[in-house]
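Novice: have a look; sequence and predicted model below, questions after that.
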Amino acid sequence: MAEPAPQDVWETLSQDERDAAYNNVAAVANSAAWAAERDELAADWRSRHGAKLDLAYGPKPRNRIDLYPSADRDAPCLVFIHGGYWQKNSREVFAHYAEGAVAAGWSVAMPSHTLAPDASLTEIVAELGEALDWLAREGRQHGLNGPFVLAGWSAGGHLTTMLLGHSSVRAGLAISGVYALGPIRDTFLNAALNLTDREVETLSPLSLPVVNKPLAIAYGTAEVPALVRDAQALHAKRTAEGAAGPLIPIAGADHFSILEELRSPDGALTQAALAILAVAKARSEAA
C-alpha cells in the first residue's frame, strides 16, 4: 500500500519532515551538479540565439524578458516562466530550455520577475501579468504574431496556472508545480515568502475556480510526493469540472531532469505544448 502524501498527514509531521517534503534540492542527489551544468548550457545557448534580450516590460530591474522569435511571424509562442520557489533564479539560466520549441518552429519568450522577499507572491503574479500584457501589446513589433501558450516549471508551474486566465493565453503547460500554498507556509520556504492568509486563499490553484482553457499538467514520477500529489489533485479537480488537458507523468524524471523534455522538438514536454495548443484550436473552431 502506498504511503500517504505529506499533505494528507500534514498535522502529524515534524518541522524537519515538513521542510523535507518540499526540498527538491535535497531530494535529488546531483542537484548541485545539475544547476552548474544548467547555467553553463544556458549561457552558451543564450549567447548564440539571443536576438532580442533584456527587453523591459515594466519599471523594476527584473521586469525583463528575452525573446527568441521564429522566422515565421505567425508561429505560436511559448511563454516560459522559470522556477525557484519564487525566490531565486532568472530567465537567463533557463535559456536552453527554449531549444525544443525553437526547433519545432515556435517563438519563445522568457520573462523574469522580482524575487521574494523583495516582492510578495501577490506582486510576483501581478508582474507576470504585466509581462503578458506587454507581449500582447508589443509582441507584433518583435515578430510575435501567433498564439501564446503559457508554460512554467516548479514555481513557474504555479504561476502558469494562476495566469492561465489572461486574455492573451490560449493554453497552458504546468510542469512540476505547487498548487496549494497552505503547506508551503509551514516550511522553510516561507522565510522569504511571508505568505498571508489571503495569499494562501487566493493564490492556491487548488482552492480557486477552474479556468476553462486547456492545461496540460506534467510531473516526474521520481519527484517528491508532495508535488506529485498536487499535480494529480489539480488535474482531478479540472477533469471533474470539464476542463480540457492531460495529466502527463514523465517516467523516471525527477524535479530537475524533467526539463530535458523541453530541449528537443520530440521531447515529451515540447510535444505537450504543441498538443495543448491543438486542443485549444480545436475547441475554438468547434465553438
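Specialist: Everything's here; your move. Numbering: from 1, shown residues only.

Novice: helices and strands around whichever helix or strand Ala35 is part of, which ones?
Specialist: If you go by DSSP states H and E, Ala35 is part of helix 31-49. Contacts defined by 3 or more Cβ pairs under 8 Å, 6 or more residues apart in numbering; DSSP states H and E place helix 31-49 against helix 24-27. Backbone N, C-alpha and C define where each C-beta goes, glycine included.

Novice: which stretches of the stretch 51-200 of the chain have low pLDDT?
Specialist: Scanning the stretch 51-200 of the chain with the threshold set as pLDDT under 70 gives no residue ranges.

Novice: the strands in it, which residues?
Specialist: Per DSSP state E, counting those that start in this stretch, the stretch 51-200 of the chain carries strands over the ranges 52-56, 64-68, 77-81, 107-111, 148-153, 169-175.

Novice: could you dump those to JSON lines with mean neighbour count and distance to Leu189?
Specialist: Below are the strands of the stretch 51-200 of the chain laid out as JSON lines (neighbours: other Cβ atoms under 10 Å; distance: least, Cβ to Cβ, whole Å):
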{"stretch": "strand 52-56", "mean neighbour count": "14", "distance to Leu189": "28"}
{"stretch": "strand 64-68", "mean neighbour count": "23", "distance to Leu189": "24"}
{"stretch": "strand 77-81", "mean neighbour count": "28", "distance to Leu189": "17"}
{"stretch": "strand 107-111", "mean neighbour count": "27", "distance to Leu189": "22"}
{"stretch": "strand 148-153", "mean neighbour count": "27", "distance to Leu189": "16"}
{"stretch": "strand 169-175", "mean neighbour count": "27", "distance to Leu189": "18"}
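
Novice: could you dump those into a markdown table with distance to His235 added?
Specialist: What follows is those, written out as a markdown table (distance: least, Cβ to Cβ, whole Å):
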| stretch | distance to His235 |
| --- | --- |
| strand 52-56 | 34 |
| strand 64-68 | 29 |
| strand 77-81 | 19 |
| strand 107-111 | 25 |
| strand 148-153 | 16 |
| strand 169-175 | 10 |
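
Novice: now the residue nearest to the spatial centre of the chain. Nearest residue, chain neighbours left out?
Specialist: Residue closest to the average C-alpha location in the chain (Cα atoms, centre = their mean): Gly152, at 1.6 Å. Of all residues not flanking Gly152 in the chain, Ile81 sits nearest, at 3.4 Å (Cβ to Cβ, 6 or more residues apart in numbering).

Novice: so how far is Asn30 from the one you found?
Specialist: Applying Cβ to Cβ, to the nearest Å, the value for Ile81 to Asn30 is 24 Å.

Novice: test my guess that the residue nearest to the centre of the chain contacts Trp86.
Specialist: No - here Gly152 does not reach Trp86: they are 11.2 Å apart, not a contact under Cβ atoms under 8 Å.

Novice: hey, what's in contact with both of the two?
Specialist: Between them, Gly152 and Trp86 share these contacting residues under Cβ atoms under 8 Å, 6 or more residues apart in numbering: His158.

Novice: my guess is Leu159 contacts Ile124, does it?
Specialist: Yes - between Leu159 and Ile124 there is a contact at 7.2 Å, judged by Cβ under 8 Å.
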